[in-house]
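*Asks:* got a predicted structure plus its sequence, pasted below:
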Amino acid sequence: MSQHQTETKGSNPPIDKTAIRDASTVIVMRNRFEDPHILMGQRGATAAFMPNKFVFPGGAVDLADADIPLATPMPALCADRIAQDSARDMSHPLAVAAIRELWEETGLVLGAPGAWDMTPPADWMDFARTGHLPSAEALQFVFRAITPPGRPRRFDARFFLIDADAVSTDLDDFSAACDELSHLQWIPLPKVREFDLPFITEVVLAEVADRARDSAPPASVPFFDSSGGDSRFHRLKERLSEQERSD
């Protein structure tokens with residue numbers, strides 16, 4: 001379940017409200033080993049999806065995300081987990097969407113210094129002006145969830161945890177953010193549940209709390225699958241070869 005949905009995006013086709021859209025959500029953790037804080041903001045009261053809720057930055061994958069170059073890809077372990085139970089490899093567009101949504105909604109840059117070899121699309125122009133290329137090496141795939149039927153929007157969301165030290169810009173400067181989220185703030189991890197949160201956010205936060213002191217990408221990723229009528233919870237983990245399965 002994505003935390004944010006932009007209603008219109010560039011030249012994308014009109015939104016099919018019945019379709020399950022791929023989405024990326026970004027959990028930025030600050031001071032994770034001493035005093036962990038999580039970056040969150042509040043959705044508007046008139047938002048079609050999760051109005052008034054405090055959420056992580058994130059949103060649906062755009063068609064153009066597949067064509068945006070990355071300075072570095074996400075860790076291979078994370079890309080492998082993303083490929084499981086998926087019809088196609090979405091690791092690149094999901095990584096690009098995560099970086100784009102973090103930039104748009106918070107003004108924070110997850111990138112490496114460098115010049116673009118192409119003319120950036122309109123929604124990347126301001127990012128490029130910061131002198132950075134999007135870089136996905138800090139993204140850790142930690143959770144996947146599909147929105148249950150009957151909701152006004154449905155998403156197949158992959159949640160990515162990043163350490164705030166990987167952000168290239170001032171962690172307290174949200175001046176470049178759009179107006180999708182208000183009250184952007186760093187919330188102490190033990191106090192996050194005092195805010196008005198979506199159910200799935202509470203589930204993800206429990207997983208994040210368990211990983212607060214583990215800086216390595218998880219070998220096993222929880223998957224809350226509500227693609228059908230019934231919700232199913234299982235884990236995406238290392239796939240065994242035929243030889244390993246027969247041993």
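*Replies:* Nice, I can see it.
*Asks:* which residues of this protein fall in strands?
*Replies:* For the chain, the strands defined by DSSP state E cover 20-30, 37-43, 54-55, 58-60, 111-113, 132-134, 140-146, 154-163, 181-188, 221-225, 232-236.
*Asks:* got the angle between the helix ranked longest in the chain and strand 154-163?
*Replies:* As assigned by DSSP state H, the longest helix anywhere in the chain is helix 91-106. Calculated by axes from the mean of the first three to the mean of the last three Cα atoms, to 10 degrees, helix 91-106 forms an angle of 80 degrees with strand 154-163.
*Asks:* now helix 91-106: average pLDDT?
*Replies:* Helix 91-106 shows a mean pLDDT of 98.
*Asks:* hey, C-alpha coordinates of it in CSV?
*Replies:* Taking Å, rounded to 0.1, in the frame of the first residue of the first chain, the C-alpha atoms of helix 91-106 are listed here in CSV:
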residue,chain,number,x,y,z
SER,A,91,13.9,-3.1,-9.3
HIS,A,92,15.0,-0.1,-11.5
PRO,A,93,11.7,1.8,-11.9
LEU,A,94,10.9,1.2,-8.2
ALA,A,95,14.2,2.6,-7.2
VAL,A,96,13.8,5.6,-9.4
ALA,A,97,10.3,6.2,-8.1
ALA,A,98,11.5,6.0,-4.5
ILE,A,99,14.2,8.6,-5.1
ARG,A,100,11.9,10.9,-7.1
GLU,A,101,9.1,10.7,-4.6
LEU,A,102,11.5,11.5,-1.7
TRP,A,103,12.7,14.5,-3.6
GLU,A,104,9.3,15.7,-4.6
GLU,A,105,7.6,15.3,-1.2
THR,A,106,10.5,16.3,1.1
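*Asks:* other SSEs contacting it?
*Replies:* The elements that helix 91-106 packs onto, with contact taken as 3 or more Cβ pairs under 8 Å, 6 or more residues apart in numbering; DSSP states H and E, are strand 20-30, strand 37-43, strand 58-60, helix 76-83, helix 125-129, strand 132-134, strand 154-163, strand 181-188. In this view, the C-beta of every residue, glycine as well, is placed from N, C-alpha and C.
*Asks:* helices and strands around the fourth one, which ones?
*Replies:* In this case it means helix 76-83. Under the contact criterion of 3+ Cβ pairs under 8 Å, 6+ apart, helix 76-83 touches helix 91-106, strand 140-146.
*Asks:* related to what we said a few turns ago, the longest helix of the chain vs strand 181-188, what angle?
*Replies:* Using the same axes, to 10 degrees: helix 91-106 against strand 181-188 is 100 degrees.
*Asks:* buried residues, helix 91-106. List them.
*Replies:* 91-106 (16 or more other Cβ atoms under 10 Å).
*Asks:* pLDDT of stretch 45-52, averaged?
*Replies:* In the prediction, stretch 45-52 has an average pLDDT of 73.
*Asks:* got the CA coordinates for it in CSV?
*Replies:* Output of stretch 45-52 as CSV, limited to C-alpha atoms (Å, rounded to 0.1, in the frame of the first residue of the first chain):
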residue,chain,number,x,y,z
ALA,A,45,-7.9,16.2,4.5
THR,A,46,-9.3,16.0,0.9
ALA,A,47,-6.8,13.4,-0.4
ALA,A,48,-8.5,10.4,-2.1
PHE,A,49,-6.1,8.0,-0.5
MET,A,50,-5.4,8.0,3.3
PRO,A,51,-6.7,11.5,4.1
ASN,A,52,-5.3,13.1,7.3
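*Asks:* just the buried positions in that stretch, please.
*Replies:* Under 16+ other Cβ under 10 Å, the buried positions of stretch 45-52 are 47, 49-50.
*Asks:* could you dump these into TSV and include distance to residue 207?
*Replies:* Conversion of the buried residues of stretch 45-52 to TSV gives the following (distance: Cβ to Cβ, whole Å):
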residue	distance to residue 207
47	25
49	22
50	19
